[in-house]
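K.L.:
Build me a structure from this.
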Amino acid sequence: MVKSVKQGDVYMVDLSVDSVEHEQNGVRPCLIVSTNSRNYTSPNVFIFPITHANKKHQPCHYLLLNSDYTFFNYKRQYVICEEGRSISKNRLERYLGRITDDDLIKILECKEYVFAEVIE
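P.N.:
Sure, this is the predicted structure:
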C-alpha cells in the first residue's frame, strides 16, 4: 500500500473494479484531492479522475496541459470534479507526478460547481 500520498499527486488508478454504467472506469490518471492529514491516517484517499476526452465544456471540468505536465500522454487532460470518490490506497498503481498548488486551488474551486444549487 502506498503510504506517502499527498494532495496534488497524480497516480494511475484502476477504476474498473466497481464502476457501474456511466461512471469513469478503466486504468486512468487520477488526482489526489483529500487533505494530507487524511492521506496520512486513512487507508483511503479521495480522487478526481482525469480524462483526455472533452465531450462538452462543464464548469466542473478543469483543463491541464501536457506542456505544463509532461507526465501526461495527451496534449489536453481534464480533471472531472463531478466524478470524485473515495478509493483504497491499494488501487494506486503508479505515481505520475504532481500538479502545482495554483492548479490545485483552482480545481478545488471547480468542485464547488458540483454542489452548487442554482435558484431560478
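
K.L.:
hey, let's count contacts and neighbours off CA atoms from now on
P.N.:
Will do.

K.L.:
what secondary structure does L108 sit in?
P.N.:
The assignment at L108 comes out as helix when based on DSSP: H, G, I helix; E, B strand; the rest coil.

K.L.:
What of Y40?
P.N.:
helix.

K.L.:
can you give me the mean pLDDT across stretch 81-98?
P.N.:
Predicted confidence along stretch 81-98 averages 93 (mean pLDDT).

K.L.:
And the contacts of that stretch?
P.N.:
Defining contact as C-alpha atoms under 8 Å, 6 or more residues apart in numbering, one finds that stretch 81-98 is touched by 1-3, 8-15, 23-24, 29, 43-49, 60-62, 69, 71-72, 107, 110-111, 114.

K.L.:
now with 6 Å?
P.N.:
The list of residues contacting stretch 81-98 from outside it, by C-alpha atoms under 6 Å, 6 or more residues apart in numbering, reads 1, 8-13, 43-48, 60-61, 71, 111, 114.

K.L.:
ok, now stretch 43-57?
P.N.:
Under the criterion C-alpha under 6 Å, 6+ apart, residues 29-34, 39, 76-81, 84-89 lie in contact with stretch 43-57.

K.L.:
Restricting to C-alpha, output that stretch in PDB.
P.N.:
Listed in PDB are the C-alpha atoms of stretch 43-57, where the atom choice follows Å, rounded to 0.1, in the frame of the first residue of the first chain:
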ATOM      1  CA  PRO A  43      -6.300   3.700   4.100                       C
ATOM      2  CA  ASN A  44      -8.500   5.600   1.600                       C
ATOM      3  CA  VAL A  45      -7.900   8.700  -0.400                       C
ATOM      4  CA  PHE A  46     -10.400  11.000  -2.300                       C
ATOM      5  CA  ILE A  47      -9.700  11.300  -6.000                       C
ATOM      6  CA  PHE A  48     -10.900  13.100  -9.100                       C
ATOM      7  CA  PRO A  49     -10.400  11.100 -12.300                       C
ATOM      8  CA  ILE A  50      -8.600  12.600 -15.300                       C
ATOM      9  CA  THR A  51      -9.500  12.100 -18.900                       C
ATOM     10  CA  HIS A  52      -8.300  13.300 -22.300                       C
ATOM     11  CA  ALA A  53     -11.800  13.200 -23.800                       C
ATOM     12  CA  ASN A  54     -13.500  16.600 -23.900                       C
ATOM     13  CA  LYS A  55     -17.200  15.800 -24.600                       C
ATOM     14  CA  LYS A  56     -18.500  19.200 -23.700                       C
ATOM     15  CA  HIS A  57     -17.500  22.200 -21.600                       C
END
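
K.L.:
Right, I'll call it a day here.
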